[in-house]
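Novice: build me a model from this:
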Amino acid sequence: MTEQADFASADVLAGVPSDVSTGGGVDVAVVLERAAAGGRISAEEALVLYRDAPLHALGSAADTIRRRRYAGTEHIATYIIERNINYTNVCVTACKFCAFYAAPKDADKGWTRDLDDILRRCAETVELGGTQIMFQGGHHPDYGVEYYEKHFSAIKKEFPQLVIHSLGASEVEHMARISGVSVAEAITRIHAAGLDSFAGAGAELLPERPRRAIAPLKESGERWLEIMETAHELGVESTTTMLMGTGETNAERIEHLRMIRDVQDRTGGFRAFIPYTYQPENNHLKGRTQATVLEYLRMIAIARIFLDNVAHIQGSWLTTGKEVGQLSLHYGADDLGSIMLEENVVSSAGARHRSNRMEIIDLIRKAGRVPAQRATTYEHLVVHEDPAEDPVDDRVVSHLSSTALDRGTAHPELRLVDAR
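Specialist: Purely as a prediction, here's the structure:
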């Protein structure tokens, strides 16, 4: 064991009683020491750690692993400037946790953005220093592969500098079915049209029981992963996510991670893991179950420990709050997500945390890290070493809902974003 690992292990195990173990015979102290030293842990061990390990020791192990992985740049934490352009809210899947969708026959609530509107929003993104577009919306019954080809090629023609990091396996499954083509053909065509990588949308919970409970009309978790594996084989990388707090068990959360890790062992195509918490407003679940802050921080830590083959762990301050996002940087996260210039889906369900570029930089710096704006593939574009040279553009504000129209239910206090 290296000197660094010896030091890390001593730090990690501080405060862990020597006799902490579970009925399954798993010794928490031993597993934490092995993980902090760089060893792989099993799903069974991950469940024990997630459930029973002291919070400080769990976070210390995760942070040790992060520092080792990013030795030389471990003092840096990243963020990105992007825009989530929600092109339609019309959707046939009717997920029970979603407050954004409108049924196809609901003419009063359903809407679709035209291409000119989408391009105006891209232009504003570039003007404000954004580098990435997330193009996400409902599973519209009329939108096949051709729709996405048209829009991605138009965006790339006008704004070749923008990375299109969008969609997920669920949208691919839907568009392929609408167009009557294979998933592989759908991926190949939209990639050729301009899609750079998949955003991992639609993962929700991958194990069968919780997935069927909250998204019964979507493909299975196994199918979601199969489509992502196909994308990776075709050269299209992705991120992957987890929606916490809809009634799943601890064991099902760990199974979600195991399913991801198994695919990653084969493909290496998942760039980052991003857990976020269910928001309870305006949806069918009505907040009957939710994930606590401590559950979320434990998930960030266990993800960094267990997903030894996934490079990046992102803290999601939008659904948990900025202070919790800041804390996640001490529990294994190396990225604080995005200054997302526009977002409507999670906002519709009650996520009201807002921020701006200056505040995110300040949050990272006060967490003891050096902030850096990153690219989609995590290269550092600007490292904010000197606070005196920090950006001061107060227009770079995150998570404004642009669907707060007269009849909207998201945030009527917010105005439609003027992208002209």
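Novice: now do the strands in this structure.
Specialist: 76-86, 132-136, 163-168, 197-201, 238-244, 270-277, 312-313, 335-340, 370-374, 380-383 (DSSP state E).
Novice: which of the ones you listed has the lowest average pLDDT?
Specialist: The minimum mean pLDDT among the strands of the chain belongs to strand 335-340 (a mean of 88).
Novice: just the CA atoms of that one, as CSV, please.
Specialist: Provided in CSV are the C-alpha atoms of strand 335-340 (Å, rounded to 0.1, in the frame of the first residue of the first chain):
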residue,chain,number,x,y,z
ASP,A,335,-18.3,18.6,-10.7
LEU,A,336,-21.1,20.9,-9.6
GLY,A,337,-23.2,20.6,-12.8
SER,A,338,-24.4,23.5,-14.9
ILE,A,339,-25.3,27.1,-15.1
MET,A,340,-28.3,26.0,-17.1
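Novice: so what touches that strand?
Specialist: Contact with strand 335-340 is made by 77-84, 132, 134, 272, 274, 312-318, 325-326, 328-329, 355-357, 360, 363-364, 374, 378, 396-399, as judged by CB atoms under 8 Å, 6 or more residues apart in numbering. C-beta here means a position set from N, CA and C on the backbone, and glycine is covered the same way.
Novice: got a pLDDT number for Arg352?
Specialist: Arg352 is given a pLDDT of 46.
Novice: same thing with Gly315?
Specialist: Per-residue pLDDT puts Gly315 at 94.
Novice: residues contacting the closest residue to Leu128 other than its chain neighbours?
Specialist: Computed as CB to CB, 6 or more residues apart in numbering, the closest residue to Leu128 that is not its neighbour in sequence is Val396, at 5.2 Å. Taking CB under 8 Å, 6+ apart, we find Val396 in contact with Ile81, Leu128, Gly129, Ile339, Leu341, Asn356, Arg357.
Novice: show me what contacts the last one?
Specialist: Listed by CB under 8 Å, 6+ apart, the contact set of Arg357 reads Tyr79, Ile81, Ile339, Pro391, Asp393, Val396.
Novice: ranking by neighbours, what's the top pick from the residues you listed?
Specialist: In terms of neighbours by other CB atoms under 10 Å, the contacts of Arg357 top out with Ile339 at 25 neighbours.
Novice: and it, bridged to which residues?
Specialist: Ile339 has the following beta-bridge partners by DSSP bridges: Ile81.
Novice: Ile76 versus that one, what's the distance?
Specialist: 17 Å (CB to CB, to the nearest Å).
Novice: ok, which of the strands of the chain comes nearest Lys150?
Specialist: Proximity to Lys150 (CB to CB) singles out strand 132-136 among those, at 12.0 Å.
Novice: whichever of the contacts of strand 335-340 end up buried, select them in ChimeraX.
Specialist: Buried subset of those, written as a ChimeraX selection, criterion 16 or more other CB atoms under 10 Å:
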select :77,78,79,80,81,82,83,84,132,134,272,274,312,313,314,315,316,317,318,325,326,328,329,355,356,357,360,363,364,374,396,397,398,399
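Novice: circling back to that earlier point, dump the strands of the chain into CSV; add distance to Asp114 as well.
Specialist: Converted to CSV, the strands of the chain look like this (distance: least, CB to CB, whole Å):
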stretch, distance to Asp114
strand 76-86, 12
strand 132-136, 14
strand 163-168, 18
strand 197-201, 22
strand 238-244, 28
strand 270-277, 30
strand 312-313, 35
strand 335-340, 22
strand 370-374, 31
strand 380-383, 31
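Novice: got the contact list for the residue nearest the centre of the chain?
Specialist: The residue lying closest to the centre of the chain (CA atoms, centre = their mean) is Ile274, at 3.5 Å. With CB under 8 Å, 6+ apart as the criterion, the residues that contact Ile274 are Gly200, Thr239, Thr240, Thr241, Met242, Ile313, Gln314, Ser316, Gly337.
Novice: make a markdown table out of those and add distance to Tyr147.
Specialist: Listed next are the contacts of Ile274 as a markdown table, based on distance: CB to CB, whole Å:
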| residue | distance to Tyr147 |
| --- | --- |
| Gly200 | 21 |
| Thr239 | 23 |
| Thr240 | 24 |
| Thr241 | 23 |
| Met242 | 28 |
| Ile313 | 33 |
| Gln314 | 29 |
| Ser316 | 29 |
| Gly337 | 28 |
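Novice: between the contacts of Arg357, which sits nearest Leu162?
Specialist: Minimum distance to Leu162 across those is 11.0 Å, recorded for Ile81 (CB to CB).
Novice: the closest one against Ile133, yeah?
Specialist: No - in this structure Ile81 lies outside contact range of Ile133 using CB atoms under 8 Å: 10.9 Å.
Novice: this completes my enquiry, with thanks.
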